[in-house]
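Asker: no sequence on this one, just coordinates:
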DNA sequence: CAAAATAAACGTTATTATTACGTTTATAAA
DNA sequence: TTTATAAACGTAATAATAACGTTTATTTTG
């Protein structure tokens, strides 16, 4: 081996799992109670050290599946944290991933098993180490990506209504949006497929359900189309 | 120490150093001839292992200064590479940073000392390991950031002309832009300060020199202004 | 059973931004 | 003095955005 054995560091992956609660119209973060010392008992993002024979993306997938039961969902590396003082127990480089999931998809028994819990981003407990910073970064990142990528749809169920989509974007942007202009712009992308079905849970009239057309999106992207939502 | 000593990995930083050559109108990558085995003698991005007592950003700064003589320039983390098979000599996690510099600022003797050399992105040699991938990622990243952040100005000298700025953006976008519309849009941001000086190196008439107003930019940003260039 | 209430859906207009061009200007060289 | 040329300036048609008003479908209420 050509490299110096004495210069190694611990490397972990942490996953910022975000979900959107349609009822409360709030973006939620999955947090679990840390089991290992130091700081056992504090709230933490889900995370673990990478294994020796494991790509970092696979490590993130492993962590996500272990704590949520989910695989094959949106999961992406977004940043690395590597200050020497970030963990007093040792020099740990943490690779932050984020995952956007549909709240209803989560396997509740698996989540419970690890003492995990959802918190609204507006009402978070104190997080261990620099995990609070990670959440802040993830929220900024969501804000900056939401306009030009269809990430929002990862957070809603397969079938959703335009008012639900509007509420989600209002939660992301943290401000009210004009519903008429929102509807116009969203529909102008022609990426939403309207179904012959209504959701009557929040009005007498009922709101049409839509599906996001993933194939059409990829088709447009491959032609160099620039998406602009909201 | 709470963590398992056997689960450590090597962690390196690699710096993608980009510069713009006004003469040839091409974006260049700084590359140096790798000294350590395996693959000593192949072209590589500048990079080294992080030190035990060193924040990752500081490691990147150290590498950049060692190979270019530059400090206090634009330098940002952009991605992590951590597949198990990326380096056959061991499990190395590489944190990719990128730096955008003004070509003329570079300390030529320091660069030469390490056998470093500029290559046009259009005419790169085969790079070691996954460094070619890193360069591709950096180019895409530049493309995606150039429109909404004033990164371009990092690549030009303090004083530059509008035609030079246009050529730079044409190099980034890889296509011709309408000079009249470009000029109008750039000036509409009011972030360019015209000087009472002309550069006559490329025309009889001469082109006015401009400076980018960094303070005004930060002031506008703090008010939530959305920059749109080009 | 008509009227009221309400969320959802649809529509219009003024303003602003973008695109795609044409024209004038300053200067050095012929 | 004319010519050549890059730089600078200008304009009109089209498209996108912002800021509003109106109608519709349905349930609940009097």
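Answerer: Happy to help now that I have it. All figures in this text were calculated on a predicted structure; none of them were measured in a lab.
Asker: enumerate the residues of chain A near DNA strand D.
Answerer: Contacts of chain A with DNA strand D, taken as C-beta under 7 Å from any atom of the strand, map to A:178, A:180, A:181, A:185, A:200, A:204, A:205, A:206, A:228. Heads up, the C-betas are built off the backbone N, CA and C, glycines and all.
Asker: which residues sit against the helix or strand where the second one lies?
Answerer: For residue A:180, the host element (DSSP states H and E) is helix A:179-188. Contact partners of helix A:179-188, identified using C-beta atoms under 8 Å, 6 or more residues apart in numbering or on different chains, comprise A:162, A:163, A:165, A:166, A:169, A:192, A:228, A:229, A:230.
Asker: for the fifth one, give me its contacts.
Answerer: With contacts taken as C-beta under 8 Å, 6+ apart, residue A:169 has the following neighbours: A:146, A:152, A:177, A:182, A:229, A:230.
Asker: repeat for residue A:51
Answerer: A:59, A:62, B:7.
Asker: mind listing what's buried along the helix holding residue A:180?
Answerer: A:182, A:183, A:186 (16 or more other C-beta atoms under 10 Å in any protein chain shown).
Asker: ditto for stretch A:217-230
Answerer: Per 16+ other C-beta under 10 Å, stretch A:217-230 contains these buried residues: A:217, A:220, A:229, A:230.
Asker: give me the domain ranges for chain A.
Answerer: Per the record, chain A has its domains at A:5-146, A:150-222, by automatic domain parsing.
Asker: I'd like to know which of those domains is closest to residue B:37.
Answerer: Proximity to residue B:37 (C-beta to C-beta) singles out domain A:5-146 among the domains of chain A, at 15.6 Å.
Asker: what about the closest residue to residue A:212 other than its chain neighbours, how many neighbours?
Answerer: Nearest residue to residue A:212 in three dimensions, chain neighbours excluded: residue A:153, at 4.2 Å (C-beta to C-beta, 6 or more residues apart in numbering or on different chains). By the measure other C-beta atoms under 10 Å in any protein chain shown, the count of residues near residue A:153 is 24.
Asker: now the phi/psi pair for residue A:153, please.
Answerer: phi -70, psi -20 (degrees, to the nearest 10).
Asker: over to residue A:117?
Answerer: For residue A:117, the backbone dihedrals (degrees, to the nearest 10) come out as phi -160, psi 150.
Asker: once you drop chain neighbours, what's closest to it?
Answerer: Of all residues beyond its chain neighbours, the one nearest residue A:117 is residue A:31 (5.9 Å), with distances taken as C-beta to C-beta, 6+ apart.
Asker: that neighbour: what secondary structure?
Answerer: Three-state call for residue A:31 (DSSP: H, G, I helix; E, B strand; the rest coil): strand.
Asker: who are the neighbours in contact with it?
Answerer: So residue A:31 contacts A:43, A:44, A:45, A:46, A:116, A:117, A:118, A:119, A:124, A:125, A:127 (C-beta under 8 Å, 6+ apart).
Asker: neighbour-wise, which of the residues you listed leads?
Answerer: Compared across the contacts of residue A:31, residue A:45 has the highest neighbour count, 29 neighbours, by other C-beta under 10 Å.
Asker: so who does it touch?
Answerer: A:14, A:15, A:16, A:17, A:29, A:30, A:31, A:32, A:127, A:131, A:134, A:135.
Asker: quickly note the distance from the last one to residue B:55.
Answerer: Relative to residue B:55, residue A:135 is positioned 21 Å away (criterion: C-beta to C-beta, to the nearest Å).
Asker: with residue A:198 instead?
Answerer: 55 Å.
Asker: which residues touch the residue most central in space within chain A?
Answerer: Nearest residue to the geometric centre of chain A (C-alpha atoms, centre = their mean): residue A:100, 2.8 Å. Neighbouring residues of residue A:100 by C-beta under 8 Å, 6+ apart: A:18, A:19, A:73, A:74, A:142, A:151, A:154, A:155.
Asker: tell me the pLDDT of it.
Answerer: If you check residue A:100, the pLDDT there is 98.
Asker: that one belongs to a strand, doesn't it?
Answerer: Yes - assigned with three-state DSSP, residue A:100 falls within a strand.
Asker: which strand residues bridge it?
Answerer: Beta bridges link residue A:100 to residue A:18, residue A:74 when assigned by DSSP bridges.
Asker: following the chain past the helix holding residue A:180, name the next helix or strand.
Answerer: strand A:192-199.
Asker: strands of chain A, start to end?
Answerer: Counting by DSSP state E, chain A has strands at residues A:8-21, A:26-33, A:43-44, A:46-49, A:74-81, A:92-101, A:116-120, A:159-161, A:192-199, A:207-212.
Asker: DNA strand C: which of these is closest?
Answerer: DNA strand C sits nearest to strand A:207-212 of all those, at 3.5 Å, using C-beta to the nearest atom of the strand.
Asker: list the buried residues of the closest one.
Answerer: A:207, A:209, A:210, A:212.
Asker: just checking, residue A:16 touches residue A:97?
Answerer: Yes - between residue A:16 and residue A:97 there is a contact at 7.0 Å, judged by C-beta atoms under 8 Å.
Asker: what do those two both touch?
Answerer: Joint contacts of residue A:16 and residue A:97 (C-beta under 8 Å, 6+ apart) are residue A:78.
Asker: quick one on the thing from earlier: and the buried residues of stretch A:217-230 as CSV, adding distance to residue B:108 and pLDDT?
Answerer: Formatted as CSV, these follow (distance: C-beta to C-beta, whole Å; pLDDT from 0 to 100):
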residue, distance to residue B:108, pLDDT
A:217, 48, 95
A:220, 46, 91
A:229, 47, 93
A:230, 48, 87
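Asker: who's in contact with the longest helix belonging to chain A?
Answerer: For chain A, the longest helix by residue count, based on DSSP state H, is helix A:131-146. Outside helix A:131-146, the residues that touch it by C-beta under 8 Å, 6+ apart are A:14, A:16, A:18, A:27, A:29, A:43-45, A:78-79, A:81, A:96, A:98, A:100, A:121, A:124, A:126-127, A:151-152, A:169, A:172-173, A:229-230.
Asker: return the residues of chain A in contact with DNA strand C.
Answerer: Going by C-beta under 7 Å from any atom of the strand, the residues of chain A near DNA strand C are A:161-163, A:179-181, A:183-184, A:198, A:202-208.
Asker: no further queries at this time; thank you.
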